[in-house]
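K.L.:
Turn this into a model:
(2 chains)
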There are 2 protein chains.
Amino acid sequence: MTKKKPLILVTNDDGISAPGIRALISVMKEIGTVVVVAPDSPQSAMGHAITINSTLFINKINIDNDVEQEYSCSGTPVDCVKLAVNEILKQKPDLCVSGINHGSNSSINVIYSGTMSAAVEAGIEGIPAIGFSLLDYDWNADFDAIKRFVRKITLEVLENGLPEGVILNVNFPKLKESEIKGIKVCRQAKAFWMEKFDKRKTPQGKDYYWLTGEFINQDKGEDTDEWALENGYISVVPVQFDLTAHHAIQKLNTYKFNH
Amino acid sequence: MTKKKPLILVTNDDGISAPGIRALISVMKEIGTVVVVAPDSPQSAMGHAITINSTLFINKINIDNDVEQEYSCSGTPVDCVKLAVNEILKQKPDLCVSGINHGSNSSINVIYSGTMSAAVEAGIEGIPAIGFSLLDYDWNADFDAIKRFVRKITLEVLENGLPEGVILNVNFPKLKESEIKGIKVCRQAKAFWMEKFDKRKTPQGKDYYWLTGEFINQDKGEDTDEWALENGYISVVPVQFDLTAHHAIQKLNTYKFNH
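P.N.:
Okay, here's the model as predicted:
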């Protein structure tokens, strides 16, 4: 008996030619039938943006000769997933993987991340989905060091599925393969960005701003993704799209909204 | 004894000149000192996008004569909140309100919504925050019908604060004031969009797509925002930015990631 090869949708937010997605594709090609639908330009920090006030274009392209199908898309990462499922594949893939992101999507970064939003969109559509990110913003980051772990996590998810409404947010420390201590299931650390804006002047003398900032983690828990990453582990956080703060409902029912 | 007037930051995603934000400003002016920082153009469905690969501009403008300060910003709703707190106010406001959105942000819409992402960003920064949306996409929607409730919810939040890490997602049914039955604290319904793409051709013969879709709610719970809205209530959903699916951690620890 041979098992049917799984159909795997690959996307990202750094754009279809980024080394991170090329590394992810190379791992997925060994596991299943790969269809790539990814943005034609970098879409980092796009969050869960979708294109509703503009048109979308899809181009069939060919970067790696032996990938079954590759498409670049003019939209956001979430647009890519919607177009892939509804227009290109016209069926649900068995898995959607997003990344490998150049840079961290741990803790609060999950909420700004185009990589994770693409994975979450797949999750909303009922497709098991994983976002992968490496804590190295360098375009030439060493993705080879983590390929073995990407493969292992992917195979486990294909084997076991994922709980309903759950997507995996996987982050890799910037370490040599031999230095990585293992894989830890974690919660999202309570961290945030302390923004700073770099104020400059245009040649015409008008003020403008660049967003910069400092990452602040005051969460000392040893069950967080930040702790895992700082201590040489790969972090796996189960993420959900039910944003309800269920624990707060009882408290809010004491407010006098109807008086 | 007189209480100090609260400092209220007002933003939205439909743009600073939208009737929805003008209605929200008119309510807030009766409650506190109002500073408006809102996008200079429509930013619907921008999710939690931020501008990291481009510059940001702020323009001091004057639409309503008696608003203390008004600024339009070239960025996303989340950029507006970050710029307001860090560059314009240089202090945390006592409250951030976002909207009133022209159209629903109930159930899964919360994740695509620029209105709610602005409120969530304020929440991340430790500011009590509320997003308001009216289930009417019309530019000339009747915001007067809901002003009384916007005021009541705002005053309750100023009086009691909000639980840590919780933001309110408030949606109003499209009804006359006298038809609204009251305010219900709810959970986010498990609903989703069944996408459809409208495929067209450019004058040059190239295919392009418009995103459309149908909203599907299979959640029959009477404790959901969709139920409340369909039954004449205003829905209030407490929203959180800890996306961890805590209930899934135990299950994932049975996966053989490290074998």
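K.L.:
residues in contact with the longest helix that chain A contains?
P.N.:
Ranked by residue count under DSSP state H, the longest helix found in chain A is helix A:147-160. With contacts defined as C-beta atoms under 8 Å, 6 or more residues apart in numbering or on different chains, helix A:147-160 is touched by A:6, A:23-24, A:26-28, A:30-32, A:94-95, A:97, A:100, A:128, A:130, A:132, A:168, A:170, A:172, A:177, A:180, A:183, A:234, A:236, B:255-257. C-beta: built from backbone N, CA, C; applies to glycine.
K.L.:
Generate a ChimeraX selection restricted to the buried entries among those residues.
P.N.:
The buried residues among the contacts of helix A:147-160 can be selected in ChimeraX (16 or more other C-beta atoms under 10 Å in any protein chain shown) with this line:
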select /A:6,23,24,26,27,28,31,32,94,95,97,100,128,130,132,168,170,172,180,183,234,236 /B:255,257
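K.L.:
hey, where'd the strands end up in the stretch 1-150 of chain A?
P.N.:
A:7-11, A:33-39, A:58-61, A:69-73, A:95-102, A:129-134 (DSSP state E, counting those that start in this stretch).
K.L.:
Equivalent analysis for the stretch 151-259 of chain A, please.
P.N.:
A:166-172, A:182-185, A:191-201, A:207-217, A:233-240.
K.L.:
looking at the ones you listed, which is closest to B:D198?
P.N.:
The stretch from the strands of the stretch 151-259 of chain A with the least distance to B:D198 (C-beta to C-beta) is strand A:166-172; that distance is 28.1 Å.
K.L.:
Can you spell out which helices and strands pack onto that closest one?
P.N.:
With contacts taken as 3 or more C-beta pairs under 8 Å, 6 or more residues apart in numbering or on different chains; DSSP states H and E, strand A:166-172 sits against helix A:114-124, strand A:129-134, helix A:147-160, helix A:225-230, strand A:233-240.
K.L.:
how much space between the residue nearest to A:E179 when sequence neighbours are not counted and B:I249?
P.N.:
In space, and not counting its chain neighbours, A:E179 is closest to A:G232: 6.3 Å by C-beta to C-beta, 6 or more residues apart in numbering or on different chains. Using C-beta to C-beta, to the nearest Å, A:G232 is found at 20 Å from B:I249.
K.L.:
so who does A:L175 touch?
P.N.:
A:A145, A:G232.
K.L.:
pLDDT weak spots in chain A?
P.N.:
A:1-2 (pLDDT under 70).
K.L.:
What is the neighbour count of the closest residue in space to A:L56 that isn't next to it in sequence?
P.N.:
In space, and not counting its chain neighbours, A:L56 is closest to B:Y209: 4.3 Å by C-beta to C-beta, 6+ apart. By other C-beta atoms under 10 Å in any protein chain shown, the residues close to B:Y209 number 23.
K.L.:
A:K3 too?
P.N.:
6.
K.L.:
Show the backbone phi and psi for the closest residue to A:Y208 other than its chain neighbours.
P.N.:
Nearest residue to A:Y208 in three dimensions, chain neighbours excluded: B:T55, at 4.5 Å (C-beta to C-beta, 6+ apart). As for B:T55, its main-chain torsions (degrees, to the nearest 10) stand at phi -90, psi 160.
K.L.:
residues contacting A:G165?
P.N.:
A:G123, A:Q240, A:F241, A:D242, B:K190, B:A245.
K.L.:
now, the most widely separated pair of the residues you listed?
P.N.:
Every pair of the contacts of A:G165 checked by C-beta to C-beta; the farthest is B:K190 and B:A245, at 13.8 Å.
K.L.:
out of the two, which sits in the more crowded spot?
P.N.:
Neighbours were counted for B:K190 and for B:A245 using other C-beta under 10 Å; B:A245 has more, 24 against 20.
K.L.:
In this structure the more buried one contacts A:Q240, no?
P.N.:
Yes - applying C-beta atoms under 8 Å, one finds B:A245 in contact with A:Q240, separated by 3.9 Å.
K.L.:
Now the common contact residues for those two.
P.N.:
Jointly contacting B:A245 and A:Q240 under the rule C-beta under 8 Å, 6+ apart are A:G165, A:V166.
K.L.:
what's the distance between A:E70 and B:V35?
P.N.:
Distance from A:E70 to B:V35, by C-beta to C-beta: 47 Å.
K.L.:
which residues does A:T115 contact?
P.N.:
By C-beta under 8 Å, 6+ apart, the neighbours of A:T115 are A:N12, A:D13, A:D14, A:P77, A:S98, A:G99, A:N101, A:N105, A:G131, A:F132, A:S133.
K.L.:
mind listing what the residue nearest to the last one when sequence neighbours are not counted touches?
P.N.:
Taking C-beta to C-beta, 6+ apart, and ignoring the residues beside it in sequence, A:S133 has A:N101 as its nearest neighbour in space, at 3.7 Å. Shown in contact with A:N101 (C-beta under 8 Å, 6+ apart): A:N12, A:D13, A:D14, A:G20, A:S113, A:T115, A:G131, A:F132, A:S133, A:L134.
K.L.:
what's the closest of those to B:P42?
P.N.:
If you rank the contacts of A:N101 by distance to B:P42 using C-beta to C-beta, A:D13 comes first, at 22.6 Å.
K.L.:
so how far is B:I183 from that closest one?
P.N.:
From A:D13 to B:I183 the distance is 38 Å (C-beta to C-beta).
K.L.:
How about A:S104?
P.N.:
Relative to B:I183, A:S104 is positioned 40 Å away (C-beta to C-beta).
K.L.:
and if you look at A:A18?
P.N.:
The value you get for A:A18 to B:I183, if C-beta to C-beta is used, is 47 Å.
K.L.:
And A:D207, by the same measure?
P.N.:
The gap separating A:D207 from B:I183 is 42 Å, by C-beta to C-beta.
K.L.:
Could you do A:I234 as well?
P.N.:
Taking C-beta to C-beta, one finds A:I234 at 45 Å from B:I183.
K.L.:
ok, now A:L252?
P.N.:
10 Å.
K.L.:
where do the contact lists of those two overlap?
P.N.:
Common neighbours of A:L252 and B:I183 are listed as B:V236 (criterion: C-beta under 8 Å, 6+ apart).
K.L.:
Identify the residues contacting A:H48.
P.N.:
A:V78, A:S117, A:V120, A:E121, B:G47, B:H48, B:I111, B:Y112, B:S117.
K.L.:
For A:E70, the count of nearby residues, please.
P.N.:
19.
K.L.:
next one: A:K152
P.N.:
Around A:K152 there are 18 residues (other C-beta under 10 Å).
K.L.:
And the longest helix of chain A, what's buried?
P.N.:
Applying 16+ other C-beta under 10 Å to helix A:147-160 flags A:K147, A:F149, A:V150, A:K152, A:I153, A:T154, A:E156, A:V157, A:L158 as buried.
K.L.:
roughly how far apart are A:T154 and B:D138?
P.N.:
In terms of C-beta to C-beta, A:T154 sits 46 Å off from B:D138.
K.L.:
Apart from its neighbours in sequence, what residue is nearest A:G20?
P.N.:
A:I100 (3.9 Å).
K.L.:
and A:M194, what is it in contact with?
P.N.:
Contacts of A:M194 by C-beta under 8 Å, 6+ apart are A:G213, A:E214, A:F215, A:I216.
K.L.:
Please convert those to JSON lines, extending it with neighbour count and distance to A:Q43.
P.N.:
Below are the contacts of A:M194 laid out as JSON lines (neighbours: other C-beta atoms under 10 Å in any protein chain shown; distance: C-beta to C-beta, whole Å):
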{"residue": "A:G213", "neighbour count": "15", "distance to A:Q43": "19"}
{"residue": "A:E214", "neighbour count": "9", "distance to A:Q43": "24"}
{"residue": "A:F215", "neighbour count": "14", "distance to A:Q43": "21"}
{"residue": "A:I216", "neighbour count": "12", "distance to A:Q43": "26"}
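K.L.:
Just name the closest of those residues to chain B, please.
P.N.:
Nearest to chain B among the contacts of A:M194, counting by C-beta to the nearest C-beta, is A:G213 at 8.5 Å.
K.L.:
didn't that closest one look like it was pressed against A:K196?
P.N.:
Yes - applying C-beta under 8 Å as the test, A:G213 and A:K196 come out as touching, 5.6 Å apart.
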